[in-house]
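1. task: produce atomic coordinates for the following.
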Amino acid sequence: MEFNILQFLPESAKIKTKEEIRKILFNGQSVSEWSHQLNIPLKNMSRYKNGTRPLPIILLNKLIKLSKLDIKKLQDNIETKINKSGRYLKIGPLLKIEEKWVYISELLKGDGHITPNFWYITFVNQNEFLIKYTKEFFISLGINKTQISLIKREDANFLIIRSSLLAHLFNKILLVPIGKKDKIAIRNFVILNNKLGIAAVRGAFDAEGSVTFTGSRRISITSNCKIWLIQLQKILINLKIKSTIFKDNHKKEKPIYRLLIYHYVNLKRFQDIIKPLHTKRKEKLEEILNNYTKNPQRMFHKKILLSIKKGNVRKRDISRGIKKNLILVGNNLNWLRKNKFIEPYKKVCTNKGCFHKYKITPKGKRYIKESYSFFD
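-> As a prediction, this is how the structure comes out:
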């Protein structure tokens, strides 16, 4: 998704442009004519035109409109900053929001904040890999190392990025909240795009997630904002990962909400698709899956369907094909038949008894195509 950052920055934003761009913007009229038309003092207009003073964002947007300049000609040819302090950053005006932007935005929603004055962004986390990853992301955008500070404490690491420009972009485009995070939301274009959605869930999990060994083995993402979890759940539904949201009131003044993911198939799908970066949580998830002894029912059902698809059309042949107990296969065949994934198409009677031959229904074919198997 691509955005024109000139439509999101505050009036205090200032933009430096190259001479060839200014010639296009101011083409056709003298300084005095522009001064009169735009009601700007002649002295200031002269400085804007010759480049000794950066263009205020309001003026630049007016000139783009009047000159009918293709915004693409400005790409990578402008430098922007907000207010008088700080450094210019070469970015835009067209900003393509890709997975890393979304991932970092969800990390910040969980474990970071933007100050109310937009002076800086702070990311707080104990995991050194995430701190390093986030730092490298901001450096890749052109942030000078002098604009980044890292404060290490026993309980956490504090990464501080001093850039009002980036603070505004993360807030206005990706909805990273200012101050308290009682209300968190994800842009609709992120939810509807699988790649961006995966990055969003990865960031939320790395910031506010946990992996539980004791009792039921599960993944959870915790927040006091239910809307955020509902939106993350929508992404998981699109990825065919089942989850539930639980309201926790126990010994709390305000309730918190937990997005919970259970069962081997969902945990494995989460690992393979979401690919968390948080080193400790990634290791714990891998350990759970490597030591998961229960045979997930969905996987067993799909084994049976695939066996029928290969030509094993009666119960005994299916049992031999997947090397499972005949009674167990029979019970699952009954479930598949009851739920209309298969249907008997022929009853065969011999001197030793009768048996049915089964075929897969259209519903069963969709199940094979859409469900996820770790045996294919």
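2. output the contacting helices and strands for the worst-scoring helix or strand of the chain on mean pLDDT.
-> Least confident helix or strand, the chain: helix 297-309 with a mean of 79, by mean pLDDT, DSSP states H and E. Other helices and strands packing on helix 297-309, by 3 or more C-beta pairs under 8 Å, 6 or more residues apart in numbering; DSSP states H and E, are helix 264-274, helix 315-322, helix 326-338, strand 353-360, helix 362-370. (Glycine included, C-beta is placed from N, CA and C.)
3. contacting residues around the third one?
-> I take that to be helix 326-338. 297, 300-301, 304-305, 315-316, 318-319, 322, 342-344, 358, 364 (C-beta atoms under 8 Å, 6 or more residues apart in numbering).
4. what about 10 Å?
-> Residues from elsewhere that reach helix 326-338 (C-beta atoms under 10 Å, 6 or more residues apart in numbering): 295, 297, 300-301, 303-305, 307-308, 314-322, 324-325, 341-344, 356, 358, 360-361, 363-364, 367.
5. now that helix and helix 362-370, what's the angle there?
-> Angle, helix 326-338 to helix 362-370, by axes from the mean of the first three to the mean of the last three C-alpha atoms, to 10 degrees: 110 degrees.
6. PyMOL command for the buried members of the contacts of helix 326-338?
-> Command for PyMOL that selects the buried part of the contacts of helix 326-338, burial taken from 16 or more other C-beta atoms under 10 Å:
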select buried, resi 300+301+303+304+305+307+308+314+315+317+318+319+321+322+324+341+342+356+358+360+361+364+367
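7. between the helices and strands packed on helix 297-309, which one is nearest to I241?
-> Of all the helices and strands packed on helix 297-309, helix 264-274 sits nearest to I241, with 5.1 Å by C-beta to C-beta.
8. so which elements touch that closest one?
-> Packing contacts for helix 264-274, counted by 3 or more C-beta pairs under 10 Å, 6 or more residues apart in numbering; DSSP states H and E, involve helix 194-208, strand 209-212, strand 218-223, helix 226-238, strand 256-262, helix 279-290, helix 297-309.
9. distance check, R314 against N339.
-> From R314 across to N339, the span is 20 Å (C-beta to C-beta, to the nearest Å).
10. hey, what's the nearest residue to S164 once chain neighbours are set aside bridged with?
-> Closest residue in space to S164, ignoring its immediate chain neighbours: I82 at 4.1 Å, by C-beta to C-beta, 6 or more residues apart in numbering. In this entry, I82 is beta-bridged to A13, by DSSP bridges.
11. residues near I82, how many?
-> By other C-beta atoms under 10 Å, the residues close to I82 number 22.
12. the chain should start at 61 in everything you say after this.
-> Taking 61 as the first residue, the last one we looked at is I142.
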